[in-house]
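coords below, sequence missing:
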């Protein structure tokens, strides 16, 4: 499934212990254990690739790249009277639930993102630029917001 070093070390230690027991199955030759959360993360990541980019990671990333933008979005949150005092979360590939957290926060602040788009002309222009030779996804449309909820 994957080759996470910490799991390999844990399996190696477990194998030595089990081999000390009387009669492990096939001398522990095919012992293979993986972290379930990591496997779940791999499955979810593959599934999200199939769904394309609903609420664009790029939209949250644009905000997170600047403390001024974070403050402006926080002002939009206040203007829209959204009860939210947390951080704007950007997903991380190695954290199995970070995409959920990112989408959860983005959905709570949907109206603020929409207001931000109206108030910051650079926001829409950001998505016209290419990154690594590829067009960015975003800003999120009404359909994208609906698909994410």
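Yep, it's here. Note that the coordinates shown come from a computational prediction; the quantities given were computed from them, not determined experimentally.

So which bits of stretch 128-146 are buried?
The neighbour-count check on stretch 128-146 (16 or more other Cβ atoms under 10 Å) flags 136-140, 144-145 as buried. Any C-beta I mention is one placed from the backbone N, CA and C, and that applies to glycine too.

Restricted to helices, list the residues you listed.
Applying DSSP state H to the buried residues of stretch 128-146, the entries found in helices are 144-145.

okay, and for this structure, where does confidence drop off?
Along the chain, the model assigns pLDDT under 70 to residues 1-7, 11, 19-38, 48-55, 96.

and the residue lying closest to residue 131 once chain neighbours are set aside, backbone torsions?
Nearest non-adjacent residue to residue 131, counting by Cβ to Cβ, 6 or more residues apart in numbering: residue 58, 7.9 Å away. Phi and psi for residue 58, reported as degrees, to the nearest 10, are phi -60, psi -30.

Turn the buried residues of stretch 128-146 into TSV, including distance to residue 77.
Output for these, formatted as TSV (distance: Cβ to Cβ, whole Å):
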residue	distance to residue 77
136	23
137	23
138	19
139	17
140	16
144	19
145	16
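
What is the most widely separated pair among the buried residues of stretch 128-146?
136 and 145 (17.3 Å; Cβ to Cβ).

can you give me the helices for this protein?
Under DSSP H, the chain gives helices at 5-19, 36-50, 57-64, 67-79, 98-108, 110-119, 121-126, 142-148.

which residues touch residue 138?
53, 56, 58-59, 62, 126-127 (Cβ atoms under 8 Å, 6 or more residues apart in numbering).

Between all of those, which two are separated the most?
Every pair of the contacts of residue 138 checked by Cβ to Cβ; the farthest is 53 and 126, at 14.5 Å.

From the buried residues of stretch 128-146, pick the one nearest residue 107.
For the buried residues of stretch 128-146, with residue 107 as the reference and Cβ to Cβ as the criterion, the closest is residue 145, at 7.4 Å.
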